[in-house]
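Visitor: Here is a sequence together with a model predicted from it:
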Amino acid sequence: MTIYKKVNRLSAMTIAGAAFAVAGGAAGANELRGWNIHVEDYPVSIAMESFASEIAEKTDGELTAKVYHNAVLGDQPDAIEQVRLGVIDFGEFNLGPMGQAVPETNVTALPFIFKSVPQMYALMDGEVGDAIGEGMKAKGIVPLGWYAAGARSFYNSKHPINTPADVEGLKVRVMSNDLFVNMVQAMDGNATPMAFGEVYQSIKTGVVDGAENNSPSYESTNHYEVAKYFSLTEHLIIPECLCMSLKSWEKLSEDQQQIVMEAGHASALMQRDLWAEREAASMETIEAAGTEVNTVEDKAPFQEAMGPVYEAFLQENPGLTDLVNMIREAD
């Protein structure tokens with residue numbers, strides 16, 4: 001039985017002992033409201049429901065929680081601010097959009113800063129996560145567990161990418177962020193920011209040669225139909241965080257804090273397994289469709305090519321130099 005089948009029932013469960021008002025209504029001090037952008041059967045959502053269920057069970061219903069899926073409590077930037085203010089008690093956020101509030105999280109969006117997904121997990125569960133967590137706490141946010149968001153890789157309609165030289169001349173769609181534009185330009189590619197919904201037709205008509213994303217996004221949008229080369233560069237491995245408002249955290253007893261922290265870590269391990277399962281299913285689909293997949297084993301040339309990107313970033317953020325070096329120098 002797959003992990004999905006084992007835990008999917010959690011998304012349909014009501015949390016024992018919980019009694020909640022609708023969003024915007026009155027809520028008791030022990031009733032925590034949680035923000036989530038995803039649909040209810042998404043890996044993040046299932047893990048968050050498990051988190052809520054566990055804290056209700058372990059506190060014998062003294063502390064309960066409800067997860068509001070589909071961003072019904074607002075969009076991500078607003079929700080991050082509401083968690084900081086204690087209006088929303090907890091949420092699950094990508095560290096990229098958190099950068100405006102917590103500068104330390106910006107380092108995770110640097111291209112090729114993590115060597116692999118397992119390395120990212122090890123570092124985020126250790127001293128790197130602790131350092132970023134301290135920056136978050138200083139801004140009113142307590143990290144409970146580091147979730148997976150996959151590794152973004154390049155795909156295109158021309159040829160496999162094995163070295164930075166293979167990006168030269170390619171027109172690559174990127175997210176609208178100077179870091180990602182500079183990443184492609186550092187390899188002599190032509191970066192083209194555009195809306196994600198325009199990518200399929202743009203590759204089909206030759207406006208761009210390819211794009212970059214994780215395998216579930218590449219598969220679910222059918223981009224593999226028009227871009228047959230999927231190269232596992234894993235150039236962006238940006239973690240996500242299940243986190244709690246510091247204001248809400250400080251209202252908990254020490255025993256409740258321990259239960260919440262342990263439940264957050266357990267939910268992160270569950271979510272990582274669920275995400276890996278989803279990625280594997282996507283890879284099966286695209287390979288069965290004839291996609292040519294190659295794994296970039298040696299990322300050192302790519303990391304070396306990012307020199308100008310890192311230099312520009314650290315000139316703007318000199319206080320993050322030690323944190324960047326801590327990650328880059330890790331095994």
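Guide: Perfect, thanks for sending it.

Visitor: Next SSE downstream of the helix or strand hosting His265?
Guide: For His265, the host element (DSSP states H and E) is helix 254-288. As assigned by DSSP H and E, the chain's next helix or strand after helix 254-288 is strand 292-295.

Visitor: what does that next one contact?
Guide: With Cβ atoms under 8 Å, 6 or more residues apart in numbering as the test, strand 292-295 has contacts from 160-162, 228-232, 283, 286-287. Just so you know, the C-beta spots here come from the backbone N, C-alpha and C atoms, and that holds for glycine as well.

Visitor: so where do the strands sit in the chain?
Guide: Under the criterion DSSP state E, the chain contains strands at 31-35, 64-68, 90-94, 141-147, 152-156, 171-174, 190-193, 210-213, 229-236, 240-245, 292-295.

Visitor: possible to save the ones you listed as JSON lines with mean neighbour count and distance to Ala312?
Guide: Below are those laid out as JSON lines (neighbours: other Cβ atoms under 10 Å; distance: least, Cβ to Cβ, whole Å):
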{"stretch": "strand 31-35", "mean neighbour count": "23", "distance to Ala312": "33"}
{"stretch": "strand 64-68", "mean neighbour count": "22", "distance to Ala312": "38"}
{"stretch": "strand 90-94", "mean neighbour count": "25", "distance to Ala312": "22"}
{"stretch": "strand 141-147", "mean neighbour count": "26", "distance to Ala312": "27"}
{"stretch": "strand 152-156", "mean neighbour count": "25", "distance to Ala312": "20"}
{"stretch": "strand 171-174", "mean neighbour count": "22", "distance to Ala312": "16"}
{"stretch": "strand 190-193", "mean neighbour count": "17", "distance to Ala312": "14"}
{"stretch": "strand 210-213", "mean neighbour count": "25", "distance to Ala312": "20"}
{"stretch": "strand 229-236", "mean neighbour count": "23", "distance to Ala312": "17"}
{"stretch": "strand 240-245", "mean neighbour count": "26", "distance to Ala312": "25"}
{"stretch": "strand 292-295", "mean neighbour count": "14", "distance to Ala312": "29"}
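
Visitor: Compare these and report which one is nearest to Ala305.
Guide: strand 229-236 (10.4 Å; Cβ to Cβ).

Visitor: what packs against the closest one?
Guide: strand 152-156, strand 210-213, strand 292-295 (3 or more Cβ pairs under 8 Å, 6 or more residues apart in numbering; DSSP states H and E).
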